[in-house]
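Trainee: following is a predicted model, sequence given first.
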Amino acid sequence: MMSSQLLDGLNPSQIAAATHIDGPLLMLAGPGSGKTRVITHRIAHMIETGIDPNQIVALTFTNKAAGEMRARLERIVGRNDVWLGTFHSFCVRLLRRYARLVGLTENFSIYDTDDAKAALLMAVAEADFELTHTTLGKLANRISYFKNRLVTPDILQSEAFSSNDHQVAQVYPVYQQLLLRNSAVDFDDILMHVATLLRSHPELRQTLDARFRYIMVDEYQDTNLAQYVIVRHLSVDHPNLAATGDPDQSIYGWRGANLDNVTNLERDYPTLRVLRLEENYRSTPEILSVADCLIQHNTYRKAKTLLPLRSTGHCVRLHTYPTARMEAEHVADQIVALVNEGDYELNDFGVLYRTNANSRLIEQALTRRQIPFQLIGGFRFYARKEVKDLVAYLLLINNPEDNVAFQRAVNTPSRGIGKQTVDKLERLSRDQETSMLEAARHAVAHQTLGKRPLSAIVGFLKIYDQLCSLVRGPLVDLLQMTIELTHFREHVIKRRRGDESEGDALTNLDELLAEAHELDILANDEQTALETFLEVSALQADTDRLSSDKNIVTLMTLHAAKGLEFRCVYLIAVEENILPHIRSKDDPLSLEEERRLLFVGITRAKDQLQLSYAKSRGFSGQGSGVPSSFLVELPRGELDVVDHCERFDDYTDADGGFDEYHDPSSEAGWDEANQLDGSLDDGASYVDFDESCQLPPEEMAARLGRKRKPAPFPRIRSGLDFSDHDSPPTDPWAEYRPGRTVLHQKYGQGEIIAASGHGPKRSVTILFIDDNSRHTFRLSHVPLEIQH
DNA sequence: ACTCGTAGCCTTTTT
DNA sequence: GGCTACGAGT
């Protein structure tokens, strides 16, 4: 039974996709094919046919995409309990629940790239590793690479590896242990731990498979092995996995995204239904023709058509400029002109580029013309120093084991605790096998430090304990008090004195307070405002802050533009060594990814598209001046080619002009470049895929024999809320339950009269015998001895 | 323990 | 071209 209203306005293949509910489904959706529309209508349709929204999960690439999808869905079916979020946020929730099964505690910290590097640096020191022939960054990248492919320290150490990876193998296990000691995860762990969890706990896997019965994955072409293993394991008994993606838009190979996942789907699900969405509602035929012409130069590719539905529009422009500055100025001028003509508004414009560094001149040109714009990319809001410094206190309050947070908080604002003291505390903590926070308390109690550092630490602990007592109150109060007790504002002002960003830094603090206040309002039983805050602060990407309601121009990298569209797109700096990037040129596969990146950029445009390059671009080296080899692959006859250099005699004769790249001999060169040697081995063969993705043989055999009806799943309240039935049995805090008698250091003996929460975030209310007083404590912060 | 200077590394892309 | 991590000096 399908609602005609719901499917109104969808084309036949879209309807087919939206009404395919049970069984595996792969939607190969070209750009602008109404994919988001299909997904939302599909979910709405599922709900309408009576499926419990609680059993539906839709995983997106960014929080923003999730938010948009939610908004659209709610417009159709109203408020609902469908889980819509990123892979990472979904996995964090799962991991919070089953943290103990992988050696974490429920209140684990999430490290962003900076924190992870700090932790890695500690691990390097601990492993007595010399950073002479490698850098911290490279080491971090390599470890990330392995984690994305589910290569654990054990596997790495047992495999044959290059001398380079031999070094990685020295540090990786130490790093991983250190993270566990701190009860912390890095971004990659979030996925890797969940994959491990599902692989090593069949009964839990089964429970969750039933719990999340309908799983959708958007941007499937950009998933990595860890992500594949996760959705694969959640779709065994209930193989209702629906993936949408476009292999031509796979641009995250460097992050471990694996196009094989598309083929794997066909292999692992023989009944997979593949649907193609090829009709394009977004772009003019001119734009699509250019895009198609380009992408056909990719060798490793399944043919796919782009069917234009819009009527003829403007010619795609290719502009050549003498300098990057002129490029920026002219783009800004065109924006002004088009807006003045009245057909376009500022938010119709997107300026796209390969690297963040390319935004600078455009920013200046727009600023000079007083055109408002938003710049997406570069540093995340939560990665700013003053923000991170403050958040460190909250992290430490939430997770006292977190030594990275401790080290950041303990001496910011500086209070006389230097490297010496911190090193000593780290040694003490390792010797005593406690957190650095505990080691600090111990040092105070036993006077094992010099007088001056000791009193500084006493001061810090006093602040910390005071803050901890506020943990049950509103987050905004906790944050406010942190700022006050640490004299944080004064600290920021002092740091940035004279600096123009001083004001910004203070504004950022206010923004944090506002955010905290907002979360206080949203807080519920499942997750406190503090927990939500810490999750957001770690997982919010810069692209998530993109605003679509303000009437301003958008500047962003091609990667950040994925999934977006603009009426007018300016794709600047289409130059050799920038796009394709210099670092991708040795490897044919990377080169193809660069081509896809340009394809993504082109297909963001609805009405107008201008590609441009400049013959000189400020800084030396960077292959300035040479047009991208991709430009030669475009249909020259269909382009409106404008060379702004002709008026500048100085530049007309300069090397590397477009025309030089259009002679037959160069083209022969490109053809040669396209004849790839077929070496697809990227060294990712550490994990046997079948082994990682299949169930144990016995279980598989058992399954093939019977197609049984799943047991009814316990009633769930909302979202990713878990009932107590599937509570892991390993939670020692569960022992603190009403009726138990406990001993408190100060108040003496009392009886637990109420308890709530799980793990160390569990809090209990106690009626004390001595003075009949009641107090509520968080177990993670107050030692309570159970009396038997 | 803090401040200033320098060397090397960095950025291509981000959850 | 810019940051930042580390080292020497006070």
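Mentor: That came in fine, so what should we check first? Residues are numbered from 1 along each chain as shown, chains lettered A, B, ... in the order given.

Trainee: separation between the closest residue to A:N261 other than its chain neighbours and DNA strand B?
Mentor: In space, and not counting its chain neighbours, A:N261 is closest to A:Y228: 4.8 Å by CB to CB, 6 or more residues apart in numbering. Placement of C-beta: from N, CA and C, glycine included. From A:Y228 across to DNA strand B, the span is 15 Å (CB to the nearest atom of the strand, to the nearest Å).

Trainee: got a pLDDT number for A:Y228?
Mentor: For A:Y228, the pLDDT comes out at 95.

Trainee: what about it, how many residues close to it?
Mentor: 25 (other CB atoms under 10 Å).

Trainee: you'd agree it is up against A:T263?
Mentor: No - here A:Y228 does not reach A:T263: they are 10.9 Å apart, not a contact under CB atoms under 8 Å.

Trainee: so what sits against both of those two?
Mentor: With CB atoms under 8 Å, 6 or more residues apart in numbering applied, the contact sets of A:Y228 and A:T263 do not overlap.

Trainee: so which strand or helix has A:D389?
Mentor: helix A:385-398 (DSSP states H and E).

Trainee: quick one: buried residues of that helix?
Mentor: Across helix A:385-398, burial judged by 16 or more other CB atoms under 10 Å covers A:386-398.

Trainee: chain center to it: distance?
Mentor: Relative to the chain's own centre, helix A:385-398 is displaced by 20 Å; criterion: CA atoms, centre = their mean, to the nearest Å.

Trainee: close to DNA strand B, is the first helix or strand past that helix going along the chain?
Mentor: Downstream of helix A:385-398, the first helix or strand assigned by DSSP H and E is helix A:403-410. No - applying CB under 7 Å from any atom of the strand, one finds helix A:403-410 separated from DNA strand B by no less than 10.5 Å.

Trainee: what angle do helix A:403-410 and helix A:385-398 make?
Mentor: Per axes from the mean of the first three to the mean of the last three CA atoms, to 10 degrees, the angle that helix A:403-410 makes with helix A:385-398 is 120 degrees.

Trainee: other residues contacting helix A:403-410?
Mentor: Under CB under 8 Å, 6+ apart, the answer for helix A:403-410 is A:109, A:111, A:115, A:118-119, A:122, A:181-182, A:184, A:388-389, A:392-393, A:395-396, A:399, A:417, A:422, A:426, A:429, A:435-437, A:440, A:457, A:460, A:464.

Trainee: which SSE is immediately downstream of that helix?
Mentor: With DSSP H and E, the next secondary element past helix A:403-410 is helix A:419-432.

Trainee: check which residues of that next one are buried.
Mentor: Using 16+ other CB under 10 Å as the test for burial, helix A:419-432 gives A:T421, A:V422, A:K424, A:L425, A:E426, A:L428, A:S429.

Trainee: who does that helix touch, helix- and strand-wise?
Mentor: For helix A:419-432, the packing partners by 3 or more CB pairs under 8 Å, 6 or more residues apart in numbering; DSSP states H and E come out as helix A:403-410, helix A:436-446, helix A:451-468.

Trainee: what sits against A:R310?
Mentor: A:N280, A:Y281, A:R282, A:S283, A:T284, A:P285.

Trainee: so how far is DNA strand B from the second one?
Mentor: Right, the one you point to is A:Y281. Applying CB to the nearest atom of the strand to A:Y281 and DNA strand B gives a distance of 25 Å.

Trainee: can you list the buried residues of helix A:419-432 in TSV and add pLDDT and distance to A:K451?
Mentor: Formatted as TSV, those follow (pLDDT from 0 to 100; distance: CB to CB, whole Å):
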residue	pLDDT	distance to A:K451
A:T421	83	12
A:V422	86	17
A:K424	85	14
A:L425	87	16
A:E426	85	20
A:L428	86	17
A:S429	88	21
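
Trainee: among these, which ones lie close to DNA strand B?
Mentor: Okay, of the buried residues of helix A:419-432 touching DNA strand B (CB under 7 Å from any atom of the strand), that's A:T421.

Trainee: need the buried residues of helix A:419-432 in TSV (columns: distance to A:V410).
Mentor: What follows is these, written out as TSV (distance: CB to CB, whole Å):
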residue	distance to A:V410
A:T421	8
A:V422	7
A:K424	12
A:L425	8
A:E426	11
A:L428	13
A:S429	12
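
Trainee: closest one to DNA strand B out of the buried residues of helix A:419-432, please.
Mentor: A:T421 (4.5 Å; CB to the nearest atom of the strand).

Trainee: count of neighbours near the residue nearest to that closest one when sequence neighbours are not counted?
Mentor: Nearest residue to A:T421, sequence neighbours excluded (CB to CB, 6+ apart): A:P453, at 4.3 Å. A count of nearby residues for A:P453, using other CB under 10 Å, gives 20.

Trainee: ok, now the one 5 residues further on?
Mentor: Neighbour count of A:V458, defined by other CB under 10 Å: 13.

Trainee: quick check: it touching A:V444?
Mentor: Yes - at 5.7 Å, A:V458 counts as touching A:V444 under the criterion of CB under 8 Å.

Trainee: separation between A:R408 and DNA strand B?
Mentor: A:R408 is 14 Å from DNA strand B, by CB to the nearest atom of the strand.

Trainee: how many other residues sit next to that residue?
Mentor: With other CB under 10 Å as criterion, A:R408 counts 21.

Trainee: how about A:N772?
Mentor: Using other CB under 10 Å, A:N772 is surrounded by 8 other residues.

Trainee: in a strand, it, correct?
Mentor: No - per DSSP: H, G, I helix; E, B strand; the rest coil, A:N772 lies outside any strand segment and is coil.

Trainee: lowest average confidence, helix or strand, in chain A?
Mentor: Counting by mean pLDDT, DSSP states H and E, the weakest-scoring helix or strand in chain A turns out to be helix A:664-674, with a mean of 33.

Trainee: near DNA strand B, which residues of the stretch 351-500 of chain A are found?
Mentor: Residues of the stretch 351-500 of chain A lying near DNA strand B (CB under 7 Å from any atom of the strand): A:354-357, A:377, A:380, A:411, A:414-421, A:452-453.

Trainee: for the residue in the stretch 351-500 of chain A that DNA strand B sits nearest to, give me its contacts.
Mentor: Using CB to the nearest atom of the strand, A:G418 is the residue of the stretch 351-500 of chain A that sits closest to DNA strand B, at 2.2 Å. A:G418 is in contact with A:N411, A:P453, counting by CB under 8 Å, 6+ apart.

Trainee: 10 Å - rerun?
Mentor: A:N411, A:P453, A:A456 (CB atoms under 10 Å, 6 or more residues apart in numbering).

Trainee: go on, A:Y393?
Mentor: A:405-406, A:408-410, A:412, A:463-464, A:467, A:478-479, A:481-483, A:485-486, A:488.

Trainee: change it to 6 Å
Mentor: A:A409, A:T482 (CB atoms under 6 Å, 6 or more residues apart in numbering).

Trainee: for it, give its distance to A:L467.
Mentor: 7 Å (CB to CB, to the nearest Å).

Trainee: quick one, strands of the stretch 151-300 of chain A?
Mentor: Listed in chain order, the strands of the stretch 151-300 of chain A (DSSP state E, counting those that start in this stretch) span A:184-186, A:214-217, A:240-245, A:273-277, A:279-280.

Trainee: and the first one with DNA strand B, contact?
Mentor: I take that to be strand A:184-186. No - using CB under 7 Å from any atom of the strand, strand A:184-186 stays clear of DNA strand B, coming no nearer than 8.5 Å.

Trainee: which residues sit against that strand?
Mentor: A:F108, A:S109, A:I110, A:Y111, A:A116, A:D402.

Trainee: distance check, the residue of the stretch 1-150 of chain A found nearest DNA strand B against A:L156.
Mentor: In the stretch 1-150 of chain A, the residue that lies nearest DNA strand B is A:T135 (3.2 Å; CB to the nearest atom of the strand). From A:T135 across to A:L156, the span is 19 Å (CB to CB).
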